[in-house]
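1. this is the structure alone, sequence omitted:
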């Protein structure tokens, strides 16, 4: 395990001081921003949940600051490397700024030539990630108060599952818990480049979901007249539409929306054609402005057809309802949805109205804590997450997702990720940190061993594909698995930063 | 398409004369053997279906002879290459011996240096395969007369699906239709090296199967007290046990049986742990002697536990019942099963007795047509089949299966295949023919395009992994897809033998 020796119970929550901005990448958008406790209620939107916003911001700031403290701390460690009692002073600094100690062996080897900053940087990112995971799975910091209530609400709206496929861009990783303010455990999330989700994989999930209803009555019995709701979330940039939109669609918002709709319709048709007896699903297409986190919901008509031009902009609703009472504001939203989608079942209208209302809190969140728009409107991910799992990543611009079974199939997505990090990290001499992770169902015999083999295989394929960068120490990999059925934390299998002996000593 | 121009309706059935045996590989085991029509009924086992045997042998001989005619024909073509009117004479020869013409351009280029025999050989294998597929999907030569009756029988025995995972060794490819004499369309077959089937994939199939019962009442409704039956088929060699057994288990029959049983139990436990309400499956472990096609069935006790030492050998039953009447023989088999497995449900006993009885026909088949054991007791596959599909391959030692999504995951299996063909082909200067194939569900939108991309991706990954052999013209690849929902024939996408122009001209 990474640095387990140095952990005390008090360490289990990641904490660190906010670092200064590093040139070349907007990675520390929290420096100089007001703290969660520092702002008043004046001007708050009547439907914005200020307390929840404060809690969510505190978490976001804390986690990202922990990652962003690494570079300034290592700069200071670097400056010390040829001084007296270097190792002692470096460890003091690391403990104070990062909350953990650095691996002794890397420090001890510094006198020979110089400190291996690439390895040290990667090690710190991985250790910070590990501590972030431990906190997440131990204390559940993003728990929603209304999980059961949401399940109930969803069924009242006519749905037994909400399955969301956002783009795998790191700027959408918070879409469930932050942007839409939904309980992350109650919503299926699978991210794909350009929101172009895998139809065969979605069909499998549909099959699984329906069988659960038939066999176990979960979440409701199969005779309940509810439907499977599939949502795709594409994205665009209001500040710099030509450059900071979705890379998979050449920053063309209309093309991204069209492609998302086509994929949704293809999945619907696949369900209808594969299964008889009126099997079908409902569809939802959402656009996200990644600069402000405002959503637009594309509305279907009574026949279930979605018109790409007919949409409700949460940003407009925010302005229109800003000076009303909460009750008036809510009524206005409902009226707007009813007008835009008069033929749509009442339950669907209720769900859309709820998503729009929820999003007002997030619009408020960005305005309050990040000014009119995020400072990091472009990519500023801290690491690449490759594999399956990553339930703990519910934060914006933390992780570039490469949801994959094999490097062979996901080579294009991985190449995009490595390219993004070439700009963010490699251009500054820092390596690309890649977390390879496979979750498994612990109750399935041999599943853990297969997940571990899977990690190894993907790491090997990465090594073959990016041999040059790896050879120069510019890609480092952390391999881990997690028993998602048991709900425990991650299990670290290995890491390219450390030799085996060193690995075991931490 | 491969050589479509030269096809006439009469060509659609593969026909060719039996070739002479080629040194170095026992690939033409039909030369000199009696033909299907040439033998009498004396000494036939009372339960052996002689007519079916004759039909099956006729098919096996015809298909394999078509493949085995390639080398002797090309030898003669080679001898002609510097003579007058070479192209004309070569085409006459090919038409007469192989039933199709050779690609003009390869012949036309012969005068420059010499005939490119590697390309020509690969082209002929692929064309023969294509014609074999066309026949299979057009005329259904292995159709069983009793498909509906088998479905009924299986349900009466207490099962709604028989899912068989044999070893991917080519010597087991005929296990469903020949060895067990079952209708191949009614049995799920997925082959894996060492019969070590994928548990997650099997769980998906279980889920699909149960949902079909709940939603559509197929093959029966979910309240019928039937079970999902999973069978694993491992193998061994009675003639050369130390060398010609299962490579994945080091030719150790006991180890192969143990591994098969462990995998079965793991799948059973996975179903039980993943699904509640008493979900489970029944298990069947079968061993196959690949020299004689005699099976052994391992018997479970009433608690469902399989004892690896308690088994019924079909070979013994064959001898014990050889001189009885059909009725007596059938009764003897039933008694033997009842004695060996007294606590097992009566339906399971009936199914096992049926499988044993069916296998007697196959034992007879080998004795009649191939003498006491096959002449090709070792590997003698004609091509590697990589991908998913290959429903048409129901013949022994025709295809080395590499059931795969990606080269990355199946690298070990592919390496074994390439190694086998290094001995069979490369050692004689001939290339390894690899058919890359993905079946798709035509009613799922975009499925064909995804299958085609899949083929391309796997071909690229093969090219990277076996760059040296490919560079020397010692691996050739044929890429194809098939709409398995429509039940049509294969669609050829491309082939490494031919440039695009040439490809289109055929």
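-> Right, received. Where do you want to start? The structure presented is a predicted model; accordingly, all values stated were derived computationally and were not measured. Numbers count the residues shown, from 1 in each chain, chains lettered A, B, ... in the order given.

2. what's the spacing between the closest residue to residue A:158 other than its chain neighbours and residue B:123?
-> Leaving out its chain neighbours, the residue that sits closest to residue A:158 by CB to CB, 6 or more residues apart in numbering or on different chains is residue A:347, at 3.7 Å. Backbone N, C-alpha and C define where each C-beta goes, glycine included. Per CB to CB, to the nearest Å, residue A:347 is found 61 Å from residue B:123.

3. those two: who's more crowded?
-> Legend: neighbour count by other CB atoms under 10 Å in any protein chain shown for residue A:347 and residue B:123, higher for residue B:123 (26 against 18).

4. give the other helices and strands that the helix or strand hosting that one contacts.
-> Take DSSP states H and E as the rule and residue B:123 turns out to sit in helix B:117-139. Applying 3 or more CB pairs under 8 Å, 6 or more residues apart in numbering or on different chains; DSSP states H and E, one finds that helix B:117-139 contacts helix B:50-68, helix B:70-80, helix B:86-98, helix B:104-108, strand B:432-440, strand B:475-483, strand B:491-495.

5. in JSON lines, list the ones you listed along with mean pLDDT and distance to residue B:194.
-> Compiled in JSON lines, the helices and strands packed on helix B:117-139 are given as follows (pLDDT from 0 to 100; distance: least, CB to CB, whole Å):
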{"stretch": "helix B:50-68", "mean pLDDT": "97", "distance to residue B:194": "25"}
{"stretch": "helix B:70-80", "mean pLDDT": "96", "distance to residue B:194": "31"}
{"stretch": "helix B:86-98", "mean pLDDT": "97", "distance to residue B:194": "36"}
{"stretch": "helix B:104-108", "mean pLDDT": "91", "distance to residue B:194": "39"}
{"stretch": "strand B:432-440", "mean pLDDT": "97", "distance to residue B:194": "21"}
{"stretch": "strand B:475-483", "mean pLDDT": "97", "distance to residue B:194": "24"}
{"stretch": "strand B:491-495", "mean pLDDT": "95", "distance to residue B:194": "31"}
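
6. dump those into CSV; add distance to residue A:322 as well.
-> As requested, the helices and strands packed on helix B:117-139 are exported to CSV (distance: least, CB to CB, whole Å):
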stretch, distance to residue A:322
helix B:50-68, 77
helix B:70-80, 79
helix B:86-98, 81
helix B:104-108, 74
strand B:432-440, 52
strand B:475-483, 55
strand B:491-495, 58
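
7. in CSV: those, plus mean neighbour count.
-> CSV is the format used below for these (neighbours: other CB atoms under 10 Å in any protein chain shown):
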stretch, mean neighbour count
helix B:50-68, 20
helix B:70-80, 18
helix B:86-98, 17
helix B:104-108, 16
strand B:432-440, 25
strand B:475-483, 25
strand B:491-495, 19
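
8. so which of those gets nearest residue A:171?
-> strand B:432-440 (33.9 Å; CB to CB).

9. give the other helices and strands that that closest one contacts.
-> Counting contacts by 3+ CB pairs under 8 Å, 6+ apart, strand B:432-440 packs against helix B:117-139, strand B:383-388, helix B:407-424, helix B:447-465, strand B:475-483.

10. OK, contacts around residue A:235?
-> For residue A:235, the contacting residues are A:166-167, A:169, A:171-172, A:245-246, A:256, A:287-290, by CB atoms under 8 Å, 6 or more residues apart in numbering or on different chains.

11. which positions in the helix holding residue B:123 come out as buried?
-> Across helix B:117-139, burial judged by 16 or more other CB atoms under 10 Å in any protein chain shown covers B:117-136.

12. residue numbers of chain A in contact with chain B?
-> By CB under 8 Å from any CB of the partner chain, the residues of chain A that approach chain B are A:199-200, A:203-204, A:207-208, A:210-211, A:214-216, A:222, A:265-266, A:269-270, A:273-277, A:279, A:405-409, A:441, A:443-447, A:450, A:457-458, A:461.
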